[in-house]
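What follows is a predicted protein model with its sequence.
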Amino acid sequence: GENVEQHPSTLSVQEGDSAVIKCTYSDSASNYFPWYKQELGKRPQLIIDIRSNVGEKKDQRIAVTLNKTAKHFSLHITETQPEDSAVYFCAARSTGGGNKLTFGTGTQLKVEL
Amino acid sequence: DTEVTQTPKHLVMGMTNKKSLKCEQHMGHRAMYWYKQKAKKPPELMFVYSYEKLSINESVPSRFSPECPNSSLLNLHLHALQPEDSALYLCASTSGVGPSYEQYFGPGTRLTVT
C-alpha cells in the first residue's frame, strides 16, 4: 500500500518568512495530493491540492509543487502570518487504493511575531 | 451547501453503553468516510462507503458498526467501547468514487469513554 512521509514534524518561522513542508510517497500510481490545515480542536480543512498531471499550483500565499519522478511534493507558504499556525497534513491517493487517502504524520507550524 | 455536519459535538459514554454518531451531507456526494483521530496524529481511516455500500473496512473492531441508511447519511454505532477508543471521530465525503476527488471533513465528534 501507499506510504507517505512528511518533514519536518515541527517548524517555527518568523512572521513574514516563508515555510516549506515536504512529503514523499511510495506508490507511483498515486495521482492526487491534497494538503490539509488543522487548527487545534477543529476539523482538517482542505487548503490546496494537486493532481499528477500538474507540476505546480498556486493559490494566493500558498503553493504546492509535485515531482512525480522523485515521488515528492511540497507545500510552500509565503509571507506567513500568525493565523497560519496549525498542524498541516499532506496526503496521497492512489488509483489502486479505492477511495483511501494516506496521510503524512503532520507538521506543527508555529509563526512567531 | 458545502458542509458535512456531525452530531453530537461531544459524547461521554461508559464502557457498557450503546451510542451512535451521526454524519450528514447534502452535497450529493457518493462516498462517505469514518476516521478516528488521536491528538497530534493524522486521521486514521476506519470505513469507506461508496454509493451506500461498504467498500473499505480497515480491520476495525466489531464494537464499531457503520451504517449508511441513504446517500446523505452515515452513522457509526458504538457498543462496549474501551477507554483507548477515546478520540475525535471525523466523517468525510467526496463527490465521486475515484482517486482525484476532493475530500471534505465534518467538524468531528469528541468521544470520551469512561
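Received it, and whenever you're ready, just let me know what you need.

all contacts plus neighbour counts: C-alpha atoms, from now on.
Will do.

What ranges does the chain have for its strands?
All of this is about chain A. Along chain A, counting by DSSP state E, strands occupy A:4-7, A:10-14, A:19-25, A:30-38, A:45-51, A:56-59, A:62-67, A:72-77, A:86-94, A:101-103, A:107-112.

Not quite, go with chain B.
B:4-7, B:10-13, B:18-25, B:31-37, B:44-50, B:53-57, B:64-70, B:73-79, B:87-94, B:103-105, B:109-113.

Now do the contacts for the residue nearest the centre of chain B.
When Cα atoms, centre = their mean is applied to chain B, the residue found nearest the centroid is residue B:34 (2.9 Å). Contacts for residue B:34 were tallied using Cα atoms under 8 Å, 6 or more residues apart in numbering or on different chains; they are B:45, B:46, B:47, B:48, B:76, B:89, B:90, B:91, B:92.

Pull up the residues of chain B that are close to chain A.
B:40-43, B:45, B:48, B:90, B:97-100, B:102-108 (Cα under 8 Å from any Cα of the partner chain).

How about the residues of chain A by chain B?
A:31-32, A:34, A:42-46, A:51, A:89, A:93-95, A:97-100, A:103-106.

Just among the contacts of residue B:34, which is most surrounded?
residue B:91 (32 neighbours; other Cα atoms under 10 Å in any protein chain shown).

any idea of the pLDDT on the nearest residue to that residue once chain neighbours are set aside?
Spatial nearest neighbour of residue B:91, excluding adjacent residues (Cα to Cα, 6 or more residues apart in numbering or on different chains): residue B:34 at 4.7 Å. In this model, residue B:34 is scored at 97, pLDDT.
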